[in-house]
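# This is the structure alone, sequence omitted:
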């Protein structure tokens, strides 16, 4: 299943004030979803139940896309250029020189 995200879902919203909570709220709106690409192919094409999050894992000020999947693998993609849909190929997230894996079964 390719990973498709709405850009508005990638940014954190500020916490509402008590006055905001008292007013009727409009339903949230999201930008049109975009398909994320890696090397021109859909990112996460063969990942079972991918769970993507953006996070700066290396402290360089740029967010990476961190993706966990059902078997417990954790992979990372780097942003390429200015196009929000273009990412590097996935690589294993490593710790102590070994791929990080959570055993789900």
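Sure thing, it's come through. Computed from a predicted structure; not experimentally measured.
# what about the strands in the chain?
According to DSSP state E, the chain carries its strands in the segments 4-5, 34-35, 37-38, 41-42, 51-55, 64-68, 74-77, 86-87, 91-92, 94-95, 98-99.
# would you list those strands in a markdown table and tack on mean pLDDT?
Formatted as a markdown table, the strands of the chain follow (pLDDT from 0 to 100):
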| stretch | mean pLDDT |
| --- | --- |
| strand 4-5 | 58 |
| strand 34-35 | 88 |
| strand 37-38 | 90 |
| strand 41-42 | 89 |
| strand 51-55 | 91 |
| strand 64-68 | 93 |
| strand 74-77 | 94 |
| strand 86-87 | 92 |
| strand 91-92 | 94 |
| strand 94-95 | 90 |
| strand 98-99 | 92 |
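# To residue 16, which of these lies closest?
strand 51-55 (22.3 Å; C-beta to C-beta). Quick note: C-beta positions are derived from backbone N, CA and C, even for glycine.
# re earlier: would you format the strands of the chain as TSV with distance to residue 25 and mean neighbour count included?
Listed next are these as TSV, based on distance: least, C-beta to C-beta, whole Å; neighbours: other C-beta atoms under 10 Å:
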stretch	distance to residue 25	mean neighbour count
strand 4-5	23	16
strand 34-35	26	12
strand 37-38	34	18
strand 41-42	34	12
strand 51-55	25	14
strand 64-68	30	21
strand 74-77	34	20
strand 86-87	33	19
strand 91-92	40	12
strand 94-95	41	10
strand 98-99	43	10
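# Dump those to a markdown table, plus distance to residue 16.
What follows is those, written out as a markdown table (distance: least, C-beta to C-beta, whole Å):
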| stretch | distance to residue 16 |
| --- | --- |
| strand 4-5 | 23 |
| strand 34-35 | 27 |
| strand 37-38 | 35 |
| strand 41-42 | 35 |
| strand 51-55 | 22 |
| strand 64-68 | 27 |
| strand 74-77 | 32 |
| strand 86-87 | 32 |
| strand 91-92 | 38 |
| strand 94-95 | 37 |
| strand 98-99 | 40 |
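# Perfect, I'm done here.
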